[in-house]
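K.L.:
Any chance you could fold what I've pasted below:
(chains A, B, C and D)
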2 protein chains.
Amino acid sequence: MSIKFAILVALSENPKSGYDVAKHFDQSVGFFWHARHSQVYRELGKLRDNGLAVSEEIEQSGKPNRIVFTITDSGREALLKWSREPTEPMEIKDDFLVQLYGIENIDIQGLRANLTLRLESHGDRHAQYAAKHQALENGGTLADLGHQLALEVGMRWEREWEDWCTIALERLSAKAISKLANVVPIGSKTRGNAA
Amino acid sequence: MSIKFAILVALSENPKSGYDVAKHFDQSVGFFWHARHSQVYRELGKLRDNGLAVSEEIEQSGKPNRIVFTITDSGREALLKWSREPTEPMEIKDDFLVQLYGIENIDIQGLRANLTLRLESHGDRHAQYAAKHQALENGGTLADLGHQLALEVGMRWEREWEDWCTIALERLSAKAISKLANVVPIGSKTRGNAA
DNA sequence: GCGTTCATGTAACCTGTTACATGATTCT
DNA sequence: AGAATCATGTAACAGGTTACATGAACGC
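P.N.:
As a prediction, this is how the structure comes out:
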């Protein structure tokens, strides 16, 4: 329902080629709705078919030609209409939490290794969002405000993960686990083998 | 890559029918990886085909028969193997943040309405996670610890959204916006109309 | 000579959603 | 009488990923 609008938002800033949109998705709106170039080209075609964008080919010497897409009035209207409808809050969907949930049947050492990796990568992303955020500090436009607020969600998210990973590493340390009641070593559980 | 494992985790607790798994997904593991019943039945079939689970039909009087799936040793091994590989941190993917990012071309009144709705629904979810979490307070098993930690991620997530929505509503109030530099009323922007 | 960036797209596949289809029992 | 719960599934579609395919220019 929505990669369509993420692209329209990207085009609403300025006209872009498929390549541009894909690049853009690695840096800004894409933080909150990512897509690969193959999907971008497909969706741009649909936008054109539905009259929400128009394309024009720009010849370039040396490089391949660019096909630049511009949002139409109809596209802007679609954006407005979409923003008046309620959106569904995003759902958490994370492999790692599934593993935690099934902790009795998974490798705890692997879990700890994953936690350490995560701690790092959430730190990296936090820094990335923070840098983008800081660059907007002095801008006072509406667009800046929107970008700031969106980035703040990202910063909060990453910060919470960082905190949580640290705490989880402690609570899942060998020491902490050895103190638990009813510790069941991996492999000692009864296995159902119904035919 | 992973609804498969979410189902295996569910089956690793105890054997379940497709119906059970789908119900389960509305309450526990499903907080972190949801699926509809149609998908569950399809995936269960695949698990059986790959020898990760076995099924047996249980006759019931009055109600339709249940087809109960039990995880196999091979299934438990797959779970272990999976937990030793690194998982990708979840990406934020939210319509609402896309709207915020494109704030110049969307309806701010609609955005505010959405924020108010969100504030409510994140509060509801927070309460849901917190209730589940509290029910585990006195359990001291490894499984309880895993469930607690997973629920804490959910609680942090919802709490941050609640905070952020409140702040965003202030920063996006008519009053706050009127003080911004370069305010561009909707509709007054130049529109690109390249053919 | 090799890798990267620019630039386009297609094809096959996997994942996930919506809607269709059936039928008995129990609760209001 | 009507809705909800139990219980199974299929079919069609939409959304998203991976891999394939091509080709020139530029820096190392």
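K.L.:
could you measure the closest residue to DNA strand C within chain A against B:Ala168, distance?
P.N.:
The nearest approach of chain A to DNA strand C comes at A:Tyr19, 2.8 Å away (C-beta to the nearest atom of the strand). (Each C-beta comes from the backbone N, C-alpha and C, glycine too.) As for A:Tyr19, its distance to B:Ala168 is 33 Å (criterion: C-beta to C-beta, to the nearest Å).
K.L.:
what about the two, which has more around it?
P.N.:
Taking other C-beta atoms under 10 Å in any protein chain shown, A:Tyr19 and B:Ala168 do not tie; B:Ala168 has more neighbours (24 against 15).
K.L.:
Tell me who's in contact with the more buried one.
P.N.:
Contacts for B:Ala168 (C-beta atoms under 8 Å, 6 or more residues apart in numbering or on different chains) come out as A:Leu149, B:Leu115.
K.L.:
per-residue confidence for it?
P.N.:
In this model, B:Ala168 is scored at 98, pLDDT.
K.L.:
circling back: these two touch, right, the residue of chain A closest to DNA strand C and A:Arg66?
P.N.:
Yes. The pair A:Tyr19 / A:Arg66 is scored as a contact, 7.2 Å apart, by C-beta atoms under 8 Å.
K.L.:
Pop out the phi and psi values for A:Ile67.
P.N.:
phi -110, psi 110 (degrees, to the nearest 10).
K.L.:
List the beta-bridge partners for it.
P.N.:
Counting by DSSP bridges, A:Ile67 forms beta bridges with A:Glu57.
K.L.:
Check it and give its pLDDT.
P.N.:
A:Ile67 carries a pLDDT value of 96.
K.L.:
what do you get for the one 3 residues further on?
P.N.:
The per-residue pLDDT reported for A:Thr70 equals 97.
K.L.:
SS state for it?
P.N.:
Here A:Thr70 is strand, with the state taken from DSSP: H, G, I helix; E, B strand; the rest coil.
K.L.:
how many other residues sit next to it?
P.N.:
Neighbour tally, A:Thr70, other C-beta under 10 Å: 18.
K.L.:
Output the contacting helices and strands for the helix or strand in which A:Tyr19 is found.
P.N.:
Per DSSP states H and E, A:Tyr19 falls inside helix A:18-24. Applying 3 or more C-beta pairs under 8 Å, 6 or more residues apart in numbering or on different chains; DSSP states H and E, we find helix A:18-24 packed against helix A:3-13, helix A:37-49, strand A:66-71.
K.L.:
how about those, which one is nearest B:Ala127?
P.N.:
Closest to B:Ala127 of those, according to C-beta to C-beta: helix A:3-13, at 30.5 Å.
K.L.:
Can that closest one be said to contact chain B?
P.N.:
Yes. Interface with chain B: helix A:3-13 contributes A:Phe5, A:Ala6, A:Leu8, A:Val9, A:Ser12, A:Glu13 (C-beta under 8 Å from any C-beta of the partner chain).
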